[in-house]
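*Asks:* Sequence below, structure please.
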Amino acid sequence: MTNKHVTQTTSARIPTKYGDFQLCAYTNSEDDKDHLALIAGDIENAENVLTRVHSECFTGDVLGSLRCDCGDQLDFAMQKIAKEGCGVIVYMRQEGRGIGLSKKIQAYNLQDQGHDTVDANLLLGRQADEREYSLAALILKDLKVKSIRLLTNNPTKIEALEAEGIVVTERLGVEGTVHPENAQYLMTKVKRMNHILTIGNPPDAHDNPLDAHIEKDQHEPQPTD
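*Replies:* Down below sits the predicted model:
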C-alpha cells in the first residue's frame with residue numbers, strides 16, 4: 001500500500017488565448033516540486049474527462065524549441081480542452097523525461113554528436129525515461145475525476161495510470177508539426193519507445209516544416225481495460 005499523497009495548496013484563474021482555466025498547485029510527499037493541474041469547466045465527479053498528463057519541458061513549452069514536440073503538444077491539449085469546455089492538464093515537473101534540465105542540456109550536446117535521445121540519456125548514466133505517474137494519478141483522484149479520455153501518443157502512460165487506478169476510456173492522439181530539428185527525435189519515439197505516431201517522410205532542411213504533420217493513428221484500437 002502506498003503512503004504517497006498530494007495536497008492542493010492554492011488555485012487561481014488563468015486567462016489564456018484559448019480561454020479561462022483554473023490553475024491548481026499541489027505539494028506532495030515525494031519531492032519538493034509543485035506539480036500543477038490546469039482545469040477548464042467542472043470536472044468533479046465527471047466521466048470521460050478530456051485529460052492530458054504533460055511532463056514539464058522548459059525548452060519546448062517556454063522557449064519554443066524545435067528539438068521536440070512538447071510545446072506543440074501542450075498547446076494542442078489546451079486548445080482541445082478549451083474548445084470542449086471541460087478537461088484538465090496535469091502538468092508534472094519531470095523535465096527531460098525525469099533527468100532534469102541540466103542533464104537534458106548535456107543530452108542535447110550528445111544528440112548533436114549523432115546519438116538519439118535514448119542513447120544520450122544512457123550515456124549520461126540515466127535511464128531512457130525516468131518519469132513516473134503515481135502523483136499524476138493522485139492529483140486526478142483529488143480532483144474527483146471518475147474516468148478520462150487521455151490525450152497521448154504514449155501507451156506506457158496509459159498503462160501507468162491504469163495501474164494507479166485511473167480509468168482510461170479512450171486514447172486520443174496528440175498532433176504536432178514535424179520539423180527538420182525534431183524529425184529524428186520523433187522517429188526515436190516510434191522505434192525505441194513505442195509511441196503511436198504516423199510521421200510519413202520527415203522533411204529535410206529545405207522543406208517547409210508546416211507541410212508535414214504528426215497525426216494520430218486512426219487504426220490504433222482504444223484501450224478498454
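*Asks:* C-alpha only now, for contacts and for neighbours.
*Replies:* Noted.
*Asks:* where are the low-confidence patches of this structure?
*Replies:* Where the chain drops to pLDDT under 70, the residues are 1-2, 200-225.
*Asks:* Let me see the ranges of the strands in it.
*Replies:* 6-16, 19-28, 35-40, 49-55, 87-92, 148-151, 168-172, 176-177, 213-214 (DSSP state E).
*Asks:* now those strands in a markdown table, with mean neighbour count and distance to Ile158?
*Replies:* Compiled in a markdown table, those are given as follows (neighbours: other CA atoms under 10 Å; distance: least, CA to CA, whole Å):
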| stretch | mean neighbour count | distance to Ile158 |
| --- | --- | --- |
| strand 6-16 | 13 | 20 |
| strand 19-28 | 18 | 22 |
| strand 35-40 | 23 | 18 |
| strand 49-55 | 24 | 10 |
| strand 87-92 | 24 | 14 |
| strand 148-151 | 22 | 8 |
| strand 168-172 | 20 | 7 |
| strand 176-177 | 21 | 20 |
| strand 213-214 | 19 | 20 |
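*Asks:* Can I get those in a markdown table including distance to Ile139?
*Replies:* Listed next are the strands of the chain as a markdown table, based on distance: least, CA to CA, whole Å:
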| stretch | distance to Ile139 |
| --- | --- |
| strand 6-16 | 7 |
| strand 19-28 | 8 |
| strand 35-40 | 8 |
| strand 49-55 | 10 |
| strand 87-92 | 8 |
| strand 148-151 | 13 |
| strand 168-172 | 15 |
| strand 176-177 | 26 |
| strand 213-214 | 29 |
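*Asks:* As a check, name the ranges of all helices in the chain.
*Replies:* For the chain, applying DSSP state H gives helices covering 70-84, 101-112, 117-123, 134-142, 155-163, 183-193.
*Asks:* Compare these and report which one is nearest to Thr9.
*Replies:* helix 134-142 (12.0 Å; CA to CA).
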